[in-house]
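1. Give me the fold of what follows.
(one chain, ligands or ions: 2)
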Amino acid sequence: MRDPRIKVLVTFGTRPEAIKLAPVVKAFADHPRFEMDVCVTAQHRSMLDQVLDTFHIKPRYDLDLMRPAQTLPDITARIITGVCDVVRDYRPDWVIVQGDTTTALAAGLAAFYEQVSVAHVEAGLRTDEKYSPFPEEINRRLVSCIADLHFAPSLRAKANLLRENCLESQVHVSGNTIVDALLWVVARLGSDAPLKRALDERFSFLDPTRRMILITGHRRESFGRPFENMCHALVDIVERSPDVEILYPVHLNPNVQAPVKAILGGASPALSRRIHMIEPVDYLTFVYLMTRSHFIITDSGGVQEEAPSLGKPVLVTRENTERPEAVEAGTARLIGTDRARIVAEAMRLLNDDAHRRSMSGGRNPYGDGYACARIVERLSEAAGGPRCVLEEFAGLTRELAPI
Ligand code: UD1
Ligand code: UDP
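-> Ligands and ions are numbered 1, 2, ... in the order given. Below is the predicted model of the structure:
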C-alpha cells in the first residue's frame, strides 16, 4: 500500500537558500503528514556545507555540481539534468524551491519537466529591473510562472504576484523563513555559554575599544568598477576614522575575491591592522558578528532581512532593492556604489549617534518567526489536509501562537 503521507523534495544549492530552507526542512520533518527528503545541487560547496553542518541536515541527494568560476549556462544546464534524475528517482508530490538563484529556477524547471507540483518559498520579490539584480530578477519571475503554490514573504510580494496574474488562492503570505532561522540561532547563542566564549576567543583580534563595521558583498551586477569603488570606499572609511575597524568575510566568488584582495589587501600597513578579511563564516558565527557590529555595509538580500531583528543599521550598496520594507522603516539606506556616497553615509553613521540610533530600532518587517509553520500547514491543506487557522503575516506586531 502506498504511504499516505505527502512526499516532498526540498531542493537548494547556495548558502542563502540553505539558511532559509533549513527551518522549513525541520518543519516538514516534524509534521506527521509529510515524508520529506533534501536534494542539494551544491551550486555552492563549502558555503553550503557550513549551513548543512550548522543545522545538521543530511541530504538524501547531493549533486555536487559546483565548479570554480562556473558560468550561468553551464550550472543551469547541469542542475536541470541532475534534478530531473532525482525527481524521477524520488517521485515526490511536491518540489520546494526557494528564492531566485539558478538552483531555484533550474530545479523548478526540472520539476515542471517531470510534471511535479512546485512550491516557491520567498515568492514575489521584484525590482522590475530586468538586469538588476542579475540574473535573480528574471529567475524569480520565471519560477513564479512554474509554481503551483507561492509563499510570499510580505503583502507587497503577494501584490506583485497578483499583478502578474497568479491565482489568489495559490498565494499565501508566510513571512520570510530567514527570521525563523535567525531566531533559532539567536536563541542558541543566548543559551550556549561555551559557544559564546569560543566565539569571543576566536575574534579576540577585534579591539573592543574600536567600532566594527561588518561587510559583505557579491552581486553580479556590481562586478568590476562598482565593486572596486566599494573597496576603495572601505579603505577611505578606515583612513578617516582611527577608532574603526572593518571585518569582511569575503565571498568565494573569484569576481569578488580578486578586487577585495587587491584593494583592501593593498592598503598601507597602518590601515591594514584595522582591515580584517576572513573566509566566509558559518551562520552562527555570522550572526554573532552582526550582533557585535556597529553597523553593516552589504549588498546581501539575507543580511537586509536579518539586521532589523538585531537592531543593526544597514547601508545597502545597490541601486535598487526588492526588499524596500527596511528602507521604508528607516533601518536600511540604499546608497548605491559611488565611492564618495558610501564614505559619506558611513561617516554619518559613525559621527551622528542620533542618526545611528534612529536606524537601530523597530520590529522586523520581513517575518515573525512562524513562516515555516504557515508554509507546512498551507501545503498540507493544498494536498487535501484539514484547514488550519493560521493568520497570514501582514507585518503586524501581534504575536501568533506557534502550532
Ligand atoms: C549565487 C547566486 C546568487 C546568490 C548568491 C549567494 C546565482 C546565479 N547566483 O551567486 O543569487 O545571491 O549565490 O551567495 O544563482 N564558490 C566557491 N565555493 C562556494 C561558493 C562559491 O568556490 O562555496 C565560487 C566558485 O568559484 C563558483 C563561484 O563562486 O563557481 C560562483 O558561484 P555561483 O553560485 O555561480 O554564484 P554566486 O556569485 O555565489
Ligand atoms: N552569511 C553567513 N556567513 C557569511 C556571510 C553571510 O552565514 O560569512 C549569511 C547571512 O547571515 C545571510 C546569508 O548568509 O543569512 C546571505 O547570503 P548571501 O549574502 O551570500 O546571499 P543573498 O542573501 O544576497 O542571496
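
2. Within range of ligand 1, give me the residues from the stretch 101-250 of the chain.
-> By the rule CB under 6 Å from any ligand atom, the part of the stretch 101-250 of the chain lying against ligand 1 is 101-102, 135-136, 218. For the C-beta atoms, the positions are set from N, CA and C on the backbone; glycine is no exception.

3. so the closest residue to residue 113 other than its chain neighbours is in which element?
-> What sits nearest to residue 113 in space, not counting adjacent residues and going by CB to CB, 6 or more residues apart in numbering, is residue 84, at 5.8 Å. In the assignment (DSSP states H and E), residue 84 maps to helix 72-90.

4. got any ranges where the stretch 301-403 of the chain has weak pLDDT?
-> 389-390, 394-403 (pLDDT under 70).

5. for it, what spans make up the helices?
-> The residue ranges that make up the helices of the stretch 301-403 of the chain, judged by DSSP state H, counting those that start in this stretch, are 301-310, 325-329, 339-351, 353-358, 371-382.

6. Give the buried residues for the longest one.
-> Spelled out, that is helix 339-351. Judged by neighbour count using 16 or more other CB atoms under 10 Å, the buried positions of helix 339-351 are 339, 342-343, 345-346, 349-350.

7. Need the CA coordinates for that helix. CSV is fine.
-> As requested, the backbone C-alpha atoms of helix 339-351 are provided in CSV (Å, rounded to 0.1, in the frame of the first residue of the first chain):
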residue,chain,number,x,y,z
ARG,A,339,32.7,55.8,-3.6
ALA,A,340,32.1,59.2,-2.1
ARG,A,341,28.5,58.4,-1.3
ILE,A,342,29.4,55.2,0.6
VAL,A,343,32.0,57.1,2.6
ALA,A,344,29.6,60.0,3.4
GLU,A,345,26.9,57.6,4.5
ALA,A,346,29.3,55.6,6.7
MET,A,347,30.8,58.7,8.2
ARG,A,348,27.3,60.0,9.1
LEU,A,349,26.5,56.7,10.9
LEU,A,350,29.9,57.0,12.7
ASN,A,351,29.6,60.6,13.7
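
8. quick one on the thing from earlier: from the buried residues of helix 339-351, which is closest to residue 143?
-> Comparing the buried residues of helix 339-351 against residue 143 with CB to CB picks out residue 342 as the nearest, at 32.1 Å.

9. Over in the stretch 51-200 of the chain, which residue gets nearest ligand 2? Let me know.
-> Distances from the stretch 51-200 of the chain to ligand 2, computed as CB to the nearest ligand atom, single out residue 178 as the nearest residue at 6.0 Å.

10. which helices and strands does the helix or strand where that residue lies pack with?
-> For residue 178, the element it lies in under DSSP H and E is helix 177-191. In terms of contacts (3 or more CB pairs under 8 Å, 6 or more residues apart in numbering; DSSP states H and E), helix 177-191 is packed against helix 15-30, helix 193-202, helix 283-292, helix 301-310, helix 371-382.

11. as a whole number, average confidence for it?
-> For helix 177-191, the mean per-residue pLDDT is 96.

12. Could you do stretch 135-149 as well?
-> 98.

13. Mind listing what's buried along it?
-> 135-137, 139-144, 146-149.

14. of all those, which comes closest to residue 279?
-> Checking the buried residues of stretch 135-149 against residue 279 with CB to CB, the nearest one is residue 136 at 24.2 Å.

15. so that closest one touches residue 98, yeah?
-> No - using CB atoms under 8 Å, residue 136 makes no contact with residue 98, being 12.0 Å away.

16. contacting residues for the nearest residue to residue 47 once chain neighbours are set aside?
-> Across the structure, with CB to CB, 6+ apart as the measure, the residue nearest residue 47 apart from its sequence neighbours is residue 15 (4.2 Å). Contacts for residue 15 were tallied using CB atoms under 8 Å, 6 or more residues apart in numbering; they are 44, 47-48, 50-51, 280.

17. just these that are near ligand 2?
-> Among those, proximity to ligand 2 is found for residue 280 (CB under 6 Å from any ligand atom).

18. tell me the SS of the nearest residue to residue 207 once chain neighbours are set aside?
-> Counting by CB to CB, 6+ apart, residue 207 lies nearest to residue 245, which is 6.4 Å off, once chain neighbours are set aside. At residue 245, secondary structure determined by DSSP: H, G, I helix; E, B strand; the rest coil is strand.

19. what do you get for residue 118?
-> Taking three-state DSSP, the label given to residue 118 is strand.

20. residues touching it, list them.
-> Contacts for residue 118 were tallied using CB under 8 Å, 6+ apart; they are 94-97, 108, 111-112, 143, 146-149.

21. run the last query once more with 10 Å
-> Under the criterion of CB atoms under 10 Å, 6 or more residues apart in numbering, the contact partners of residue 118 comprise 11, 94-97, 104, 107-112, 143, 146-150.

22. Return the residues of the protein in contact with ligand 2.
-> Residues of the chain found near ligand 2 (CB under 6 Å from any ligand atom) are 15-16, 19, 216, 218, 249, 280-281, 283, 286, 300-303, 306.

23. how many other residues sit next to residue 46?
-> When counting by other CB atoms under 10 Å, one arrives at 12 neighbours for residue 46.

24. thought it was touching residue 280?
-> Yes - using CB atoms under 10 Å, residue 46 is in contact with residue 280, at 7.5 Å.

25. shared neighbours, those two?
-> In the contact map built from CB under 10 Å, 6+ apart, the residues linked to both residue 46 and residue 280 are 15, 252.

26. in the stretch 101-250 of the chain, what residue is nearest ligand 2?
-> residue 249 (3.4 Å).

27. That residue against residue 283, yeah?
-> No - contact criterion CB under 10 Å: residue 249 and residue 283 do not qualify, at 11.2 Å.

28. Which one's more surrounded, these two?
-> residue 283 (22 against 19).

29. OK, contacts around that one?
-> For residue 283, the contacting residues are 15, 18-19, 22, 50-51, 53-55, 181-182, 184-185, 302, 306, by CB under 10 Å, 6+ apart.

30. how far away is the closest residue to it other than its chain neighbours from residue 4?
-> Nearest in space to residue 283, with sequence neighbours left out and distances taken as CB to CB, 6+ apart, is residue 54 at 4.9 Å. Between residue 54 and residue 4 the distance, using CB to CB, to the nearest Å, works out to 33 Å.

31. same check, this time on residue 53
-> Counting by CB to CB, the gap between residue 53 and residue 4 amounts to 33 Å.
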